[in-house]
Each structure stands twice: as structure tokens, then as C-alpha cells.
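>>> Here's my sequence, what's the structure:
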Amino acid sequence: MAALWEMKEERKDKAIERVNFVIKNILPNYDKKDIIGLFSIILYIIRVLKWNGLVDRAFKVYTKFLPLEAEHHFAVGVFYKPMLLLLKICDNSPVQYTKEDMDSDIELALQYDPHDFGDNIFTADGWSMKSMGAEICLHLASKLPPGDAVRESL
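The predicted structure follows:
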């Protein structure tokens, strides 16, 4: 949360410094069974890193510290794959996105409908999961040629 305050105050270096502290000192020792708490912390980290063009680091943090069990978790499972997809397809991603998965990624994007309760919680923390869904659609659409019917549906 302090890193977001630093971002609001336009102190990018301080925000990244705070995020680095959490990555180095808190995440390695955090209880992996507390998936909700872990996801909440990682969401702040991703937000700061992604919005500062450090998607590669955000992707590494997400895949290193969030256990695979999060995908099927009752509260954050609905956000797991979409967030992973966003980190794969946005600018500065460390993943070389190939169009082999595009059909399933488009299906995921079009079917993504986070529950209001969870979205309200994360929106209160500053990032709507529904807007994340819109961002996924935007990035996927940009990978399709103009006039493409699927692009229009996104």
C-alpha cells in the first residue's frame, strides 16, 4: 500500500524500492497457504511494476510466489489465469507470445466475468479486476489485423 502512495506522489523510485523490499524480505517468508493475503500483496507489486514498465519482473514475482493452488482457490481463482494472461501479452512481457494460444486466450477474455464481491475488494485497493479484463481484450485485439471479426468482438 505504501508503494501505491509513493506512486500517487510521483515518487517512482521510492515505490519500486518499497516493492523490492517486499519481494526480498516478505514474500519468501509469507505463508503460501494464505492465498488471499498473498494475492493481495502480489497485486500491489504487479500494479507498481507493470505501471512502471517492469512487466518482466511482475511476471516473475507472480509465477514464483503465487502457488498453483491459487488457480482453484474459491476467492482468487477467477483472477489467476486472467492476470497471468495479462502479464504474458502486455508490452515488455518476458514471454514471447505466440498466436497458437490465441483462440483459447480470446475465449478466456470473452468469458471473464469476475464476481462483484471480489472486484469490489480489489477496486477499493485501486485496481478493478473488470478493468483488467478490458485491458486483456485490448491487448489481444491489438494482435489481430484491423477489420478482423474477432478483433471487433473484443
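>>> next helix or strand past the lowest-mean-pLDDT helix or strand in the chain?
Taking mean pLDDT, DSSP states H and E as the measure, the chain has helix 116-124 as its least confident helix or strand, at a mean of 79. Heading C-terminal from helix 116-124, the first helix or strand you meet, by DSSP states H and E, is helix 129-142.
>>> Using CSV, write out every CA atom in that following helix.
The C-alpha trace of helix 129-142 is given here as CSV (Å, rounded to 0.1, in the frame of the first residue of the first chain):
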residue,chain,number,x,y,z
MET,A,129,-10.4,-6.8,-12.0
LYS,A,130,-13.1,-5.9,-14.5
SER,A,131,-10.8,-3.2,-16.0
MET,A,132,-8.1,-5.8,-16.1
GLY,A,133,-10.4,-7.9,-18.3
ALA,A,134,-10.9,-4.9,-20.6
GLU,A,135,-7.1,-4.5,-20.7
ILE,A,136,-6.7,-8.1,-21.7
CYS,A,137,-9.2,-7.6,-24.6
LEU,A,138,-7.4,-4.5,-25.7
HIS,A,139,-4.0,-6.3,-25.9
LEU,A,140,-5.4,-9.3,-27.6
ALA,A,141,-7.3,-7.1,-30.2
SER,A,142,-4.0,-5.3,-30.9
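>>> Now do residue 4 against residue 147, distance only.
Going from residue 4 to residue 147 by CB to CB, to the nearest Å gives 39 Å. For every residue, glycine as well, the C-beta is placed using N, CA and C.
>>> Next: residue 141.
From residue 141 across to residue 147, the span is 12 Å (CB to CB).
>>> Looking at the two, which is more packed in?
The residue with more neighbours, out of residue 141 and residue 147, is residue 141; 17 against 7, by other CB atoms under 10 Å.
>>> The more buried one: what's it in contact with?
151, 154 (CB atoms under 8 Å, 6 or more residues apart in numbering).
>>> What strand or helix carries the residue nearest in space to the middle of the chain?
Of all residues in the chain, the one closest to the mean position by CA atoms, centre = their mean is residue 83, 3.7 Å from it. Assessed by DSSP H and E, residue 83 sits inside helix 77-89.
>>> For that helix, which residues meet the burial criterion?
For helix 77-89, a neighbour-count test (16 or more other CB atoms under 10 Å) marks 78-80, 82-89 as buried.
>>> list the helices and strands it packs on?
In terms of contacts (3 or more CB pairs under 8 Å, 6 or more residues apart in numbering; DSSP states H and E), helix 77-89 is packed against helix 35-50, helix 55-65, helix 102-111, helix 116-124, helix 129-142.
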